[in-house]
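Enquirer: Generate a structure from the sequence data that follows.
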Amino acid sequence: MKKNQSALIIKRFLSPTNESNAYVLINDDIAVVIDPADASHDISNMLDEQGLDLKYLLVTHGHRSHIQSLPILKESFGGTLCLHELDSDLLKESIDTLEPDLLVKDNATLTLNDTVIKILHTPGHTPGSLCFYVKKDRVLFSGDTLLKGEFGRIWGPHSMGLMLRSLKRLNIVIHPKTTVYPGHGSFTIMSDEAWLDTLDNLS
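Expert: You can find the predicted model right below:
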């Protein structure tokens, strides 16, 4: 859990079956869920116990291992389901009963009280992969784009080039002291990922 001057609280839940990370952002009495994986039980209990209003369900990418709890949370708590349109087909393949409420675009912003969440389109792992950046609090939710010491799996013939561009962009626009919360594994700090600097030598 992390708390700082803007009253933003971050809670991480580890998926009990596939070790995916699920995150809940809380500002006052409003919450955002990022990639709930199959942690619906723990997330639901926390939302109920704290009386939180779920404003957004944010999807970094449409792989089922990261989103299988979406229908339960959507039915129980509502919230605006957001993802990139290029991952709409993946969502449909994973959960054919669920439709996105909002197709978000690169550089768009969402608000959680006084917290501003910037959306970065970072294709590579999937065509519609997203990262969510809270600049003021120096936190980045990177899905399977950036992991500690590595990047997410490449799936197609053109994915490597997309991934390289996405990682280079993150290395440029994200503050070095930003804490990175990935889709798998432990958190890291941008400045600790020195290997990103070597990507400039690759095309």
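
Enquirer: any idea which helix is longest in this structure?
Expert: helix 159-173 (DSSP state H).

Enquirer: Contacts only, for residue 98.
Expert: Applying C-beta atoms under 8 Å, 6 or more residues apart in numbering, we find residue 98 in contact with 70-71, 74, 81, 91. The C-beta positions use only the backbone N, C-alpha and C, and glycine is treated the same way.

Enquirer: hang on, I meant residue 34
Expert: 22-25, 58-60, 132, 141.

Enquirer: where's it relative to residue 145, distance?
Expert: Distance, residue 34 to residue 145, by C-beta to C-beta, to the nearest Å: 13 Å.

Enquirer: Show the contacting residues for residue 162.
Expert: Counting by C-beta under 8 Å, 6+ apart, residue 162 touches 123-124, 127.

Enquirer: picking up where we left off before, so what's the gap between the helix or strand just after the longest helix of the chain and the chain middle?
Expert: Sequence order places strand 179-182 as the next helix or strand after helix 159-173, per DSSP states H and E. The chain centre lies 9 Å from the centre of strand 179-182; the measure is C-alpha atoms, centre = their mean, to the nearest Å.

Enquirer: what packs against strand 179-182?
Expert: strand 21-27, strand 139-143, strand 146-147, strand 188-189 (3 or more C-beta pairs under 8 Å, 6 or more residues apart in numbering; DSSP states H and E).

Enquirer: List the buried residues of that strand.
Expert: For strand 179-182, a neighbour-count test (16 or more other C-beta atoms under 10 Å) marks 179-182 as buried.

Enquirer: sorry, back to before: and the contacts of residue 34 as TSV, adding neighbour count?
Expert: Listed next are the contacts of residue 34 as TSV, based on neighbours: other C-beta atoms under 10 Å:
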residue	neighbour count
22	23
23	23
24	23
25	26
58	26
59	28
60	29
132	26
141	27
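
Enquirer: Please report how far residue 106 lies from residue 127.
Expert: For residue 106, the distance to residue 127 equals 13 Å [C-beta to C-beta].

Enquirer: oh, I was asking about residue 189
Expert: 28 Å.

Enquirer: same deal with residue 161?
Expert: According to C-beta to C-beta, residue 161 and residue 127 sit 12 Å apart.

Enquirer: just residue 84 next, same as before
Expert: Distance from residue 84 to residue 127, by C-beta to C-beta: 8 Å.

Enquirer: The two: which is more packed in?
Expert: Neighbours per residue, other C-beta atoms under 10 Å: of residue 84 and residue 127, the larger number sits with residue 84, 26 against 21.

Enquirer: ok, how many other residues are close to the closest residue to the more buried one other than its chain neighbours?
Expert: Among residues not flanking residue 84 along the chain, residue 128 sits closest, at 3.4 Å (C-beta to C-beta, 6 or more residues apart in numbering). The tally of other residues near residue 128 (other C-beta under 10 Å) stands at 23.
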